[in-house]
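[1] A predicted structure for the sequence below; I have some questions about it.
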Amino acid sequence: MSKWVPASDKRKFIRWFMNNYRFKKIEVKKLFDFLLSHDQILERVHFVDKVHPSSRTILISTVCSETIPFEYRKNSKITSNTEEAFQDVKNNHKDRIYILLHFRGKMLSHQYSAVRENFKPQIRDENETPILLRILAEIYLDQQVEDRRLEELDREIDRCLDEGDKELFLKLTEERERIREKRTTSNN
């Protein structure tokens with residue numbers, strides 16, 4: 001590990017994360033609530049960017065991510081069953097737990113950077129994605145999410161016009177304009 005992160009910082013990050021993101025699998029909240037209430041387990045939690053094949057690793061995705069919702073790896077066993085992972089974490093509280101999060105804006109998040117721990121691999125992974133490429137991918141995904149939201153807003157606005165719902169029409173057009181202004185500002 002390249003740095004030690006105190007349990008208090010991990011707790012603060014988990015609370016921030018739970019307040020700002022929604023999990024693809026809602027059952028993950030139970031796992032995070034459990035970690036928040038057990039300092040001795042939280043001390044053994046490490047937020048990382050890579051799966052470690054010989055370690056307990058939990059992959060968690062938010063709804064704004066294009067990755068699998070949940071995966072728990074222990075040695076060679078892989079499962080998507082959150083309850084099984086929860087029970088293993090609860091029953092084996094002395095083992096380290098590596099958590100790999102997938103969420104929008106991850107690479108630019110100072111909250112995440114504060115708790116992320118890097119391993120120093122013995123052999124450099126030649127297939128590792130360079131940081132700039134990862135940032136560009138994040139930007140691209142953000143734009144795709146915005147494109148989908150704009151399409152959704154256009155459909156909803158059309159429906160409001162058809163139904164004569166002036167209040168919702170104004171709210172939706174305001175949101176659409178905010179997204180377009182944000183884009184115009186970021187493209188200049």
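    Happy to help now that I have it.
[2] now the strands for this protein?
    Assigned by DSSP state E, the strands in the chain fall at 45-47, 57-61, 70-74, 77-79, 97-102.
[3] now render the ones you listed as CSV, adding distance to residue 15, mean pLDDT and mean neighbour count.
    Every C-beta, even on glycine, is put in place using the N, C-alpha and C of the backbone. Formatted as CSV, these follow (distance: least, C-beta to C-beta, whole Å; pLDDT from 0 to 100; neighbours: other C-beta atoms under 10 Å):
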stretch, distance to residue 15, mean pLDDT, mean neighbour count
strand 45-47, 14, 92, 21
strand 57-61, 15, 93, 22
strand 70-74, 20, 91, 20
strand 77-79, 27, 88, 12
strand 97-102, 14, 92, 20
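[4] could you pull up the residues touching residue 73?
    Residue 73 makes contact with 51, 53, 55-59 under the criterion C-beta atoms under 8 Å, 6 or more residues apart in numbering.
[5] from the residues you listed, which two are the most distant?
    53 and 58 (13.8 Å; C-beta to C-beta).
[6] show me where pLDDT drops low in this structure?
    Applying pLDDT under 70 to the chain flags residues 1-2, 52-54, 119-129, 187-188.
[7] could you point out the longest helix of it?
    The longest helix of the chain (DSSP state H) is helix 131-163.
[8] how far off centre is that helix?
    Relative to its parent chain, helix 131-163 has a centroid offset of 18 Å by C-alpha atoms, centre = their mean, to the nearest Å.
[9] what is it packed up against?
    helix 166-187 (3 or more C-beta pairs under 8 Å, 6 or more residues apart in numbering; DSSP states H and E).
[10] contacts for the helix it packs on next, please.
    Helix 166-187 has contacts (C-beta under 8 Å, 6+ apart) with 146, 149-150, 153-154, 156-157, 160-161.
[11] same check on stretch 156-164?
    The contact list for stretch 156-164, computed with C-beta under 8 Å, 6+ apart, reads 165-166, 168-169, 172-173, 176.
[12] so which bits of that stretch are buried?
    Residues of stretch 156-164 classed as buried: 156-157, 160 (neighbour count, 16 or more other C-beta atoms under 10 Å).
[13] out of the contacts of stretch 156-164, which end up buried?
    For those, a neighbour count by 16+ other C-beta under 10 Å gives the buried set as 169, 172, 176.
[14] before we move on, back to that, could you export the contacts of stretch 156-164 as a markdown table, including distance to residue 12?
    Formatted as a markdown table, the contacts of stretch 156-164 follow (distance: C-beta to C-beta, whole Å):
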| residue | distance to residue 12 |
| --- | --- |
| 165 | 42 |
| 166 | 43 |
| 168 | 37 |
| 169 | 41 |
| 172 | 35 |
| 173 | 38 |
| 176 | 35 |
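[15] which of those lies closest to residue 5?
    Nearest to residue 5 among these, with distances taken as C-beta to C-beta, is residue 176, at 40.3 Å.
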